[in-house]
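> Make a model of this:
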Amino acid sequence: MVGTFGFARPWEWYRDARGRSCAYLSLDLTGVRQQAKNGGRAEGRMPYVAMVYNPVPELSEDSPYQPPPRRHASALLVGAVTDLDELGGQLRKQAGQVGMDRAEVWIA
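From the prediction side, this is the model:
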């Protein structure tokens, strides 16, 4: 079981054009070939990388929403060679550390 990294520091989530706070999630995986003892064949593995992030919005000049003065994105990455249930649990713990529950909209 994996704990959380660092102390809880809720992010100030950027808002969409309708004024709703938005949290973003991303998941990626890749295949990694493996080699057995003495150069034989082995089953490959699938490492996963998941991310909770808060990108700076790209807005037009006439947009009703203007982001706060902080003009950088925030991101939190979790990676593992495990199953998706385990990775999801790890990501959920880390997302809690940055206050993802406070965002009105989750975008994946």
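
> In this protein, mark out all the strands, start to finish.
Counting by DSSP state E, the chain has strands at residues 22-29, 32-35, 41-45, 48-54, 74-80, 105-107.

> Now find how far off-centre the fourth one is within its chain.
Average the C-alpha atoms of strand 48-54, do the same for its chain, and the two points are 2 Å apart (Cα atoms, centre = their mean, to the nearest Å).

> Setting aside sequence neighbours, what's the nearest residue to Tyr53?
Leaving aside its chain neighbours, Tyr53 sits nearest to Ala75 (4.1 Å; criterion: Cβ to Cβ, 6 or more residues apart in numbering). Bear in mind the C-beta positions are built from the backbone N, C-alpha and C, glycine included.

> Same check on Pro47?
Nearest non-adjacent residue to Pro47, counting by Cβ to Cβ, 6+ apart: Val81, 4.7 Å away.

> Adjacent strands (with direction) for the helix or strand of the chain with the lowest mean pLDDT?
In the chain, no helix or strand scores lower on mean pLDDT, DSSP states H and E than strand 74-80, which sits at a mean of 75. Strand pairing for strand 74-80, using DSSP bridges, gives strand 48-54 (antiparallel).

> Can you give the contact residues for the partner strand?
With contacts defined as Cβ atoms under 8 Å, 6 or more residues apart in numbering, strand 48-54 is touched by 11, 13-14, 23-29, 73-82, 84, 87-88, 90-91, 94-95, 98, 100.
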